[in-house]
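*Asks:* here is the input, now give the coordinates:
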Amino acid sequence: MTDLSTTYLGLDLKNPLVASASPLSKDIDKARKLEQAGASAIVMYSLFEEQIIHESLELDHYLTRGTNSFAEAVTYFPESDAYLVGPKKYLTKLTELKKTLKIPVIGNLNGVSKGGWTGYAKQIQDAGADALELNLYYIPTDLDLTAQELENAQVELVAEVKSAISIPLAVKLSPYITALPNFARRIVEAGADGLVLFNRFYQPDFDLEELKIIPSLDLSTSAELRLPLRWISILHGKINADFALTSGVHTAQDALKTMMAGAKVAMMASNLLENGEQVISSMLNEITWWMEAHEYQSIKQMQGSMSQKSVKEPAAFERANYMNVLNSFKDLA
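*Replies:* Next comes the predicted model:
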């Protein structure tokens with residue numbers, strides 16, 4: 001019998017398909033449907049830093065940088081006033097999810113600054129979360145802020161959050177890091193048990209008639225899988241952490257590629273928001289069929305099989321392959 005089980009952050013999961021942070025986790029009935037469809041775990045929507053310390057000068061500075069700091073699909077949100085619940089309501093919702101669901105529930109903090117707010121990491125743990133995902137969503141626009149200063153602050157933040165909890169900690173990273181392997185290693189050394197690749201930064205658009213800035217979002221597509229796929233393939237086996245791939249998981253093939261790169265789980269939000277929870281069961285069926293057809297007995301057997309350390313041509317993951325790609329395109333023309 002084909003074994004779809006995997007482990008992530010020390011949690012035993014029945015399969016690698018995880019519902020990532022989205023408004024779906026805000027509704028108990030929708031969360032239950034995700035579980036019934038086959039999701040192996042759910043990441044809650046984010047408890048934003050500004051909900052905790054909105055009066056702090058650090059947060060004021062952060063907000064003036066114009067970040068549209070939604071980690072989930074903005075166009076599917078309720079109006080912001082309705083969505084931004086306070087910490088107490090968030091913790092109550094987490095407790096309700098834990099009482100309702102049998103699968104693991106992963107809490108989610110979205111913040112950038114150190115301070116007393118990290119105490120809420122402990123409260124999320126006490127409310128029953130099986131693990132915590134810390135979302136380092138930040139857009140630097142200060143000309144005086146150096147990359148080293150920003151990275152140091154984020155590493156310190158991870159260490160502070162980790163010191164406040166005993167449950168596993170995953171950290172969601174941005175792809176826009178100059179030396180990502182080094183930064184990823186520093187984040188793990190600071191206490192992260194897992195890395196989630198990557199954040200999607202949602203860009204504002206202009207309304208030319210009203211002359212105002214409006215939120216804008218395109219849901220992910222399978223094409224976006226390539227960026228996190230590449231980096232997980234490179235980092236697998238080099239960093240002692242569990243990898244989760246998010247952004248671009250829409251098909252069974254996407255999930256299979258994710259496992260072969262070296263991830264422990266494939267996370268989905270856009271796919272679920274666009275197509276409904278039923279895509280989970282259909283993807284699981286197709287994954288099982290593919291594995292049987294290709295004589296894979298388990299998910300664990302394939303994890304990392306296409307990572308940089310496992311393939312015959314590891315340079316394919318590096319810039320050295322750039323000219324080969326261009327030449328191959330030229331040959332097709």
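*Asks:* helix or strand next in line after the worst-scoring helix or strand of the chain on mean pLDDT, which one?
*Replies:* For the chain, using mean pLDDT, DSSP states H and E, the weakest element among its helices and strands is helix 80-83, scoring a mean of 38. Next along the chain after helix 80-83, taking DSSP states H and E as the criterion, comes helix 87-100.
*Asks:* I'd like the average pLDDT over that next one.
*Replies:* Averaged over helix 87-100, pLDDT sits at 93.
*Asks:* who's in contact with the next helix or strand after it?
*Replies:* Helices and strands here follow DSSP H and E; after helix 87-100, the next one along the chain is strand 105-110. For strand 105-110, the surrounding residues in contact (CB atoms under 8 Å, 6 or more residues apart in numbering) are 9, 21, 41-49, 69, 71, 94, 97-98, 120-121, 124-125, 127-135, 137, 161, 170. Any C-beta I mention is one placed from the backbone N, CA and C, and that applies to glycine too.
*Asks:* using ChimeraX, define a selection of the buried residues within the residues you listed.
*Replies:* A single ChimeraX command selects the buried members of these (16 or more other CB atoms under 10 Å):
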select :9,21,41,42,43,44,45,46,47,48,49,69,71,94,97,120,121,124,125,127,128,129,130,131,132,133,134,135,137,161,170
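*Asks:* can you list the helices and strands that the longest helix along the chain packs against?
*Replies:* Criterion DSSP state H: the longest helix present in the chain is helix 147-164. Contacts defined by 3 or more CB pairs under 8 Å, 6 or more residues apart in numbering; DSSP states H and E place helix 147-164 against helix 119-126, strand 131-135, strand 169-173, helix 180-189.
*Asks:* what's the second one packed up against?
*Replies:* Contacts defined by 3+ CB pairs under 8 Å, 6+ apart place strand 131-135 against strand 105-110, helix 119-126, helix 147-164, strand 169-173.
*Asks:* for residue 48, give its distance to residue 191.
*Replies:* 22 Å (CB to CB, to the nearest Å).
*Asks:* next: residue 133.
*Replies:* 14 Å.
*Asks:* ok, residue 174 next?
*Replies:* Distance, residue 174 to residue 191, by CB to CB: 19 Å.
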